[in-house]
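1. When you get a sec, could you give me coordinates for this:
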Amino acid sequence: MVPVIVALLISGLLIGWLWWLARATRPSWTGLATRWNATMEQPVGRAGEGVPIEPPAFPRRLQWNWAAVILGPLWYLLKGLWVHFMILSGVLLLSFGVLLPFVWLYCALKADEDLLEFRLARHSVY
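-> Below you'll find the model as predicted:
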């Protein structure tokens with residue numbers, strides 16, 4: 001049993017050392033990455049226009065939402081964010097209501113931002 005363990009240990013160290021040597025002798029990709037980033041950061045416009053397309057302005061982070069303060073996780077369900085509703089309700093159930101003030105505070109502060117991210121994700125390519 002001991003010779004098998006020693007053989008596995010030595011073979012693991014040998015494979016790790018060979019992998020490290022292969023990584024140390026690879027060419028550097030920093031030049032390619034710099035050129036790629038410069039290419040990808042060029043402004044992109046619509047066909048025939050020289051104006052770059054700008055993303056919509058995001059609301060302030062941690063904006064107060066009174067409807068979410070009153071309704072709590074139910075606000076998420078009414079807006080169609082059922083995954084958020086399930087997570088927040090699960091947190092409340094698993095904590096036996098101990099985390100109720102924190103869940104309501106999260107709902108009050110993050111509701112608008114979560115809704116905007118949900119709407120943007122619906123129209124996203126990925």
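2. Next up, the contacts around Leu62.
-> 109-110, 113 (CB atoms under 8 Å, 6 or more residues apart in numbering). Quick note: C-beta positions are derived from backbone N, CA and C, even for glycine.
3. quick one: secondary structure of it?
-> Following DSSP: H, G, I helix; E, B strand; the rest coil, Leu62 is assigned to coil.
4. thinking again about what came up before, tell me which of the contacts of Leu62 is nearest to Trp66?
-> Among these, Leu109 lies closest to Trp66 (CB to CB), at 11.6 Å.
5. just checking, next helix/strand downstream of the least confident helix or strand in the chain by mean pLDDT?
-> Each helix and strand of the chain was given a mean pLDDT (mean pLDDT, DSSP states H and E); the minimum falls on helix 30-40 at a mean of 53. The first helix or strand that comes after helix 30-40 along the chain, using DSSP states H and E, is helix 66-71.
6. contacts for the helix or strand where Lys110 lies?
-> According to DSSP H and E, Lys110 maps onto helix 100-122. Contacts with helix 100-122, where a contact means CB under 8 Å, 6+ apart, come from 58-59, 61-69, 71-73, 75-76, 79-81, 84, 88, 91-92.
7. List phi and psi for Phe96.
-> Reported as degrees, to the nearest 10, the phi and psi values for Phe96 are phi 60, psi 30.
8. Before I go, just wanted to say thanks for your time.
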